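# pasting the structure only:
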């Protein structure tokens, strides 16, 4: 090798070493929350990589992505968005339009859209993420299941229960068409469908879980945590359907230590009698003018000009305080999203805010409203002896929580798999000012 080529090789190795060193420093700064230093180090890595490999090198993807994340953390979303889109463009140029590598950038763009209070944009990103996976794997490939489940979780966490259930059903049908109906990977689909039905307030979700028992019988070596979740889900579903004897049968199959009571994932209408006798209408544009059309069930329950109509007990890992109404026929994007408030029980913000006194609203709002309740959870999941023991909330909000606790269903305490009654169970409901939510 002549001296010129040796010099080029040494120079190239030096550039690569500087780029790798900058990337390592940037990563460490980002982990420590030192985002300004991270941006500088990522920029240095980008410069070195561009010098060595050119402006469309695949090696630019990681530093562009990292710099975008860091700038977003520094509250510079516009510049962060440009960098993320540039990173995706480079990846597609090198690996193809449907490369799975871009999903990490799509997730970051979703996060940024939610931070900017643009849930519909975030929804488009998550739908696009599933589309990429579908094109990469093919609609009937079992490898698509994780991507389908991610989108189902997104739909559930943003209140799009109809979309979630439709996607689950399509996923199950696709697997069954390939004679994979007893594949253990479908257990998650059936359990998610069960939870969606309960969040929609659909009766008798236990009837749909029989297929999961068949999967368990065909796969005897499944991990204990999987079988436990199946039996607990069946037992919970039977409790909600007021079948405590059937629930006991499945609680007895659960192989876990003694456990405390906990609310079951569900939703409920607070005043079914009022709802069933109330009809609400909305104006809708037609070729010959405006006319009134009856609201859907979802629209009516979430309408702002009324007191709280419904509450939700979301999934344990629930992250978003927003609901995207998936049955709404309107071009008004504002009407398609509804803010939620409350933990562990969620309500439509527009319906609850009128119950909150002025000192808890606006820039001078107190940090939190807290209502602590004490009650007994019976062995059939019902509650009694409900008492508010500490609160800084107004009377109307206290009454709302008493009404909720009279309708919510708990998984009872378990001792050796046997449901027992437990006294003095406590829960603290928290309402955070919407500006802080």
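It's in. Small disclaimer: the values here were computed from a predicted structure and weren't measured. Residues are numbered from 1 along each chain as shown.
# From now on I want contacts and neighbour counts done on CA atoms only, so please keep to that.
OK.
# ok, the most centrally placed residue in the chain - contacts?
Taking C-alpha atoms, centre = their mean, the centroid of the chain lies closest to residue 157, which sits 3.0 Å from it. Applying C-alpha atoms under 8 Å, 6 or more residues apart in numbering to residue 157 gives the contacts 314, 315, 318, 319, 320, 323.
# need those in a markdown table with secondary structure and pLDDT, can you?
Shown next, in a markdown table, are the contacts of residue 157 (DSSP: H, G, I helix; E, B strand; the rest coil; pLDDT from 0 to 100):
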| residue | secondary structure | pLDDT |
| --- | --- | --- |
| 314 | coil | 92 |
| 315 | coil | 87 |
| 318 | coil | 82 |
| 319 | coil | 85 |
| 320 | coil | 87 |
| 323 | strand | 92 |
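# Please tell me which one of the residues you listed counts the most neighbours.
residue 314 (23 neighbours; other C-alpha atoms under 10 Å).
# Counting neighbours, what do you get for residue 224?
So residue 224, with other C-alpha under 10 Å, has 12 neighbours.
# Give me the distance between it and residue 231.
11 Å (C-alpha to C-alpha, to the nearest Å).
# And the residue nearest to the centre of the chain, how close does it get to residue 286?
33 Å.
# Let me see the ranges of the strands in the stretch 251-400 of the chain.
Using DSSP state E, counting those that start in this stretch, the strands found in the stretch 251-400 of the chain span residues 262-263, 266-269, 281-286, 289-294, 310-313, 322-324, 337-341, 347-348, 368-377, 383-391.
# which one of those strands has the most crowded surroundings?
strand 347-348 (a mean of 24; mean count of other C-alpha atoms under 10 Å).
# follow-up on the earlier one: out of the contacts of residue 157, which is nearest to residue 177?
Here the nearest of these to residue 177, counting by C-alpha to C-alpha, is residue 315; it sits at 29.9 Å.
# Pull the contacting residues for the closest residue to that closest one other than its chain neighbours.
Using C-alpha to C-alpha, 6 or more residues apart in numbering and skipping the chain neighbours, the partner closest in space to residue 315 is residue 265 (6.3 Å). By C-alpha under 8 Å, 6+ apart, the residues touching residue 265 are 195, 198, 199, 312, 313, 314, 315.
# hmm, back to that, quick one, which of the strands of the stretch 251-400 of the chain is nearest to residue 122?
Nearest of those (C-alpha to C-alpha): strand 322-324, 10.8 Å.
# which strands and helices sit next to the closest one?
When contacts are defined as 3 or more C-alpha pairs under 8 Å, 6 or more residues apart in numbering; DSSP states H and E, strand 322-324 packs onto helix 119-137, strand 337-341.
# and the angle from the first one to strand 337-341?
Using axes from the mean of the first three to the mean of the last three C-alpha atoms, to 10 degrees, the inter-axis angle of helix 119-137 relative to strand 337-341 is 110 degrees.
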